[in-house]
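> what would the 3D arrangement of this be:
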Amino acid sequence: MNSNDLIVLNFEEVRRRSIKVWISIPDEMLNWRPDLEALSCKEMIRHVIEGEYLYHQILENHGSSNLHDIYNPYESKVFTTVEEELEFARTYRQKFLNFIKSLSNDDLSNIKIDRSDAGYIRPLGDMLLRIAYHESVHMGQLLDYLRTAGVERTNIWD
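This next block holds a predicted model:
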């Protein structure tokens with residue numbers, strides 16, 4: 001396996017496990033949040049899916065300086081169901097994975113992604129790992145939400 005294959009595998013495994021959690025959330029719990037300042041379950045799912053799209057735009061543009069000028073298909077989309085959300089994201093997800101597959105090892109090391117707005121500039125490969133980590137963290141938060149709400153949690157350790 002080359003670097004790209006490993007990075008794509010990591011993204012696919014993280015998403016596979018996220019989906020296990022997302023589809024296990026009972027419909028009546030999608031609006032649940034542990035406190036008034038927290039994202040609801042469905043808002044967190046949207047945040048992850050929309051975030052991946054926006055991160056892809058940041059990577060394509062080598063930074064986030066013009067992110068406000070980029071079309072965001074999620075801005076006007078209403079969340080309906082987890083399944084519909086995943087279906088809507090399918091094309092964007094595939095474009096993102098194809099982008100990763102197109103990168104060279106030199107790209108992963110030498111292309112710098114300027115996130116000065118967030119306080120850092122990182123190599124492209126580093127940013128890809130951060131994006132997958134972002135999703136993993138939120139999946140863990142959702143597992144904690146389910147525990148707190150007394151909802152049975154799916155096994156992600158298969």
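
> could you use CA atoms for every contact and neighbour count after this?
Noted.

> next, the closest residue to Glu135 other than its chain neighbours: secondary structure please.
Closest residue to Glu135 apart from its sequence neighbours, by Cα to Cα, 6 or more residues apart in numbering: Val48 at 5.9 Å. Following DSSP: H, G, I helix; E, B strand; the rest coil, we place Val48 in the helix state.

> Val48 contacts His138, correct?
Yes. Assessed by Cα atoms under 8 Å, Val48 is found in contact with His138 at 7.4 Å.

> got a list of what the residue lying closest to Asn31 once chain neighbours are set aside touches?
Leaving aside its sequence neighbours, Asn31 sits nearest to Ser40 (Cα to Cα, 6+ apart; 5.2 Å). Going by Cα atoms under 8 Å, 6 or more residues apart in numbering, Ser40 touches 30-34.

> and the gap between Ser40 and Glu28?
Distance, Ser40 to Glu28, by Cα to Cα, to the nearest Å: 12 Å.

> just the CA trace of stretch 138-153, in CSV.
Only the C-alpha atoms of stretch 138-153 are listed here, as CSV (Å, rounded to 0.1, in the frame of the first residue of the first chain):
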residue,chain,number,x,y,z
HIS,A,138,-17.2,13.8,16.8
MET,A,139,-18.1,10.2,16.5
GLY,A,140,-16.8,9.7,20.1
GLN,A,141,-18.9,12.7,21.2
LEU,A,142,-22.0,11.1,19.8
LEU,A,143,-21.2,7.8,21.6
ASP,A,144,-21.0,9.8,24.8
TYR,A,145,-24.3,11.6,23.9
LEU,A,146,-26.0,8.1,23.6
ARG,A,147,-24.5,6.9,26.9
THR,A,148,-25.6,10.1,28.6
ALA,A,149,-29.1,9.8,27.2
GLY,A,150,-29.3,6.1,28.2
VAL,A,151,-29.5,4.8,24.6
GLU,A,152,-27.8,1.5,23.7
ARG,A,153,-24.6,2.1,21.7
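
> buried sites along the host helix or strand of Phe11?
Per DSSP states H and E, Phe11 falls inside helix 3-24. Using 16 or more other Cα atoms under 10 Å as the burial criterion, the residues of helix 3-24 that qualify are 4, 7-8, 10-11, 14-15, 17-19, 21-22.
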